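Visitor: A structural model of the following input is requested.
(2 chains)
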2 protein chains.
Amino acid sequence: MKVREIMDKEFVVVSPGDSIVDASIKLEEHRKFTTAVVDDQKKLVGWITSLDVTRGLREGKEKVSDIMYSKEDVVHVHQNDPARLAVLEAAHHNVVSIPVLDDDGRVLGVVRTFDIVKTLSSLYEVKVSKIFEALTEELKGVSWDELMEASAIVTRRRTGKRVKPEDYEKRIKNSTFGEAIWATGGLENFFVGFIAIGELVIARKVAKARK
Amino acid sequence: MKVREIMDKEFVVVSPGDSIVDASIKLEEHRKFTTAVVDDQKKLVGWITSLDVTRGLREGKEKVSDIMYSKEDVVHVHQNDPARLAVLEAAHHNVVSIPVLDDDGRVLGVVRTFDIVKTLSSLYEVKVSKIFEALTEELKGVSWDELMEASAIVTRRRTGKRVKPEDYEKRIKNSTFGEAIWATGGLENFFVGFIAIGELVIARKVAKARK
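Guide: Okay, the predicted model is just below:
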């Protein structure tokens, strides 16, 4: 996934010559805490935040150019950068949004942290049962019921807790990948449990074929 | 994971009676776009953003109470809520931070979207090779080399591309879970490929045992 696929193309910009009052009205109307400062060719020349605007208003500054950060100090990404770079930059620099540029330094969009949260969290919201469905499709000759039975056995082995196959089924239909990772104590643990289930159903399948 | 585990305990608060000028200085000094408004007992009574501060300054308003949102309009979570609730709330409401309350409605911390990005993205940054290492540990009797060989075979079957086991090894050592998910087209696809590899090594292990 590229940065351009997660960027917001609806964004506002201001010019270095705009008055701070006008810039503040623009930010308020569009509910943006930060925005790009661009020149006539839409090229990034700076960045302002609503915190610089409050200071500017208090101190009687007049122009956007009086309060903006220069381009060199602005975290930015290229539209063809991998999306994960924008995620890492946002996490590393604690910024709420990052401008996305083309080869000529023009602003094409903005990556916002809450868009990143949406993209990242959609993965966490995948139902665990979806993964099991993919597993039964892949493992030809293993039925859903056999899979639930194996899962109940593996759960008992690993946690000591007795669970019925039908309760296991209910559980994975109601829980998400994110919850499962947190419950098992991490991605690797989740995979290990999952593989243990796979190993058991495959062993049973092989044993059945031999009879 | 609970909300209290991902919240930031370093946060600033303002009082309804504080002047807007003082509140703006506080927000600027601590580089916060939003903050909780609390009463004498630290109970949440409202919320302000730097965008309401700019408007307040422009319009000559005086007190925080003149520009704050009331408690009813503030997205908030309880310290014992599951962390994923905070993630979902942040994504749903497009907010940069959410106050965390105790049973008495006191503010204990703040969950910030960039902290959420950090937490969520740490999962995406797990190296794929870590998952394979967990797999070899789980599947007693399957060596790392056998696993790489099976992975190369499965890759050729699924993508048509010939890849050497040693190149496959290099690839999983350099790539992350996030990249793998994006490359395979989703979580379920990633699991299916992973299970296909598991199935092949288990089948080979069983065949070896029979000899």
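Visitor: need the longest helix for chain A.
Guide: helix A:187-210 (DSSP state H).
Visitor: roughly how far out does that one sit from the chain middle?
Guide: 30 Å (Cα atoms, centre = their mean, to the nearest Å).
Visitor: now the angle between helix B:187-210 and that helix, please.
Guide: 50 degrees (axes from the mean of the first three to the mean of the last three Cα atoms, to 10 degrees).
Visitor: Quickly check: helix A:187-210 near chain B or not.
Guide: Yes - in terms of Cβ under 8 Å from any Cβ of the partner chain, part of helix A:187-210 sits within range of chain B, namely A:187-189, A:191-192, A:194-196, A:198-199, A:202-203, A:206. For glycine as for every other residue, the C-beta is placed from the backbone atoms N, C-alpha and C.
Visitor: Select from these the one having the most neighbours.
Guide: A:G198 (27 neighbours; other Cβ atoms under 10 Å in any protein chain shown).
Visitor: can you pull the pLDDT of that residue?
Guide: A:G198 is assigned a predicted lDDT (pLDDT) of 85.
Visitor: For A:K173, give me its contacts.
Guide: A:K173 makes contacts with A:127-129, as judged by Cβ atoms under 8 Å, 6 or more residues apart in numbering or on different chains.
Visitor: Run a quick neighbour tally on the closest residue to A:D18 other than its chain neighbours.
Guide: Using Cβ to Cβ, 6 or more residues apart in numbering or on different chains and skipping the chain neighbours, the partner closest in space to A:D18 is A:V64 (4.7 Å). By other Cβ under 10 Å, the residues close to A:V64 number 25.
Visitor: Over to A:R171?
Guide: 17.
Visitor: Could you check how far it is from chain B?
Guide: Distance of A:R171 to chain B, computed by Cβ to the nearest Cβ, to the nearest Å: 15 Å.
Visitor: Pull the contacting residues for that residue.
Guide: Per Cβ under 8 Å, 6+ apart, neighbours of A:R171: A:128, A:163.
Visitor: returning to that earlier point: so which of the contacts of A:K173 belong to strands?
Guide: Among these, DSSP state E puts none in strands.
Visitor: and A:V142, what are its phi and psi?
Guide: Dihedral pair for A:V142: phi -110, psi 120, per degrees, to the nearest 10.
Visitor: pLDDT score for the nearest residue to it once chain neighbours are set aside?
Guide: Nearest non-adjacent residue to A:V142, counting by Cβ to Cβ, 6+ apart: A:V201, 4.9 Å away. Reported pLDDT at A:V201 in the predicted model: 87.
Visitor: How about the backbone phi and psi for the residue nearest to A:S97 when sequence neighbours are not counted?
Guide: Once flanking residues are discounted, A:S97 sits nearest to A:R112: 4.5 Å by Cβ to Cβ, 6+ apart. Phi and psi for A:R112, reported as degrees, to the nearest 10, are phi -110, psi 140.
Visitor: just A:G46 next, same as before
Guide: phi -180, psi -170.
Visitor: residues in contact with it?
Guide: So A:G46 contacts A:16, A:36-37, A:64-65, A:68-71, A:74 (Cβ under 8 Å, 6+ apart).
Visitor: Would you mind naming the residues that pair with it in a beta bridge?
Guide: A:V37, A:S70 (DSSP bridges).
Visitor: Please report how far it lies from A:V95.
Guide: Remark: distance between A:G46 and A:V95 (Cβ to Cβ, to the nearest Å) = 14 Å.
Visitor: I figured A:L139 was touching A:I202, is that so?
Guide: Yes - A:L139 is within contact range of A:I202, at 6.9 Å (criterion: Cβ atoms under 8 Å).
Visitor: Just among the contacts of A:K173, which is most surrounded?
Guide: A:V128 (21 neighbours).
Visitor: Check the burial of the closest residue in space to that one that isn't next to it in sequence by counting its neighbours.
Guide: Among residues not flanking A:V128 along the chain, A:I172 sits closest, at 4.1 Å (Cβ to Cβ, 6+ apart). Counted with other Cβ under 10 Å, residues neighbouring A:I172 total 18.
Visitor: What helix or strand is A:I172 located in?
Guide: A:I172 is located in helix A:165-174, with elements delineated by DSSP states H and E.
Visitor: quick one on the thing from earlier: my read: the residue nearest to A:D18 touches A:S24, true?
Guide: No - contact criterion Cβ under 8 Å: A:V64 and A:S24 do not qualify, at 10.0 Å.
Visitor: how far away is the spatially most central residue of chain A from A:D103?
Guide: Centroid check for chain A by Cα atoms, centre = their mean gives A:L120 as the closest residue, at 2.1 Å. Per Cβ to Cβ, A:L120 is found 28 Å from A:D103.
Visitor: so what's A:Y124 up against?
Guide: A:176-178, A:181, B:84, B:87, B:120.
Visitor: Can you add secondary structure, pLDDT and distance to B:R156 and give these back as TSV?
Guide: Putting those into TSV (DSSP: H, G, I helix; E, B strand; the rest coil; pLDDT from 0 to 100; distance: Cβ to Cβ, whole Å) gives the following:
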residue	secondary structure	pLDDT	distance to B:R156
A:T176	strand	88	33
A:F177	helix	87	28
A:G178	helix	81	33
A:I181	helix	82	30
B:R84	helix	79	38
B:V87	helix	84	38
B:L120	helix	78	33
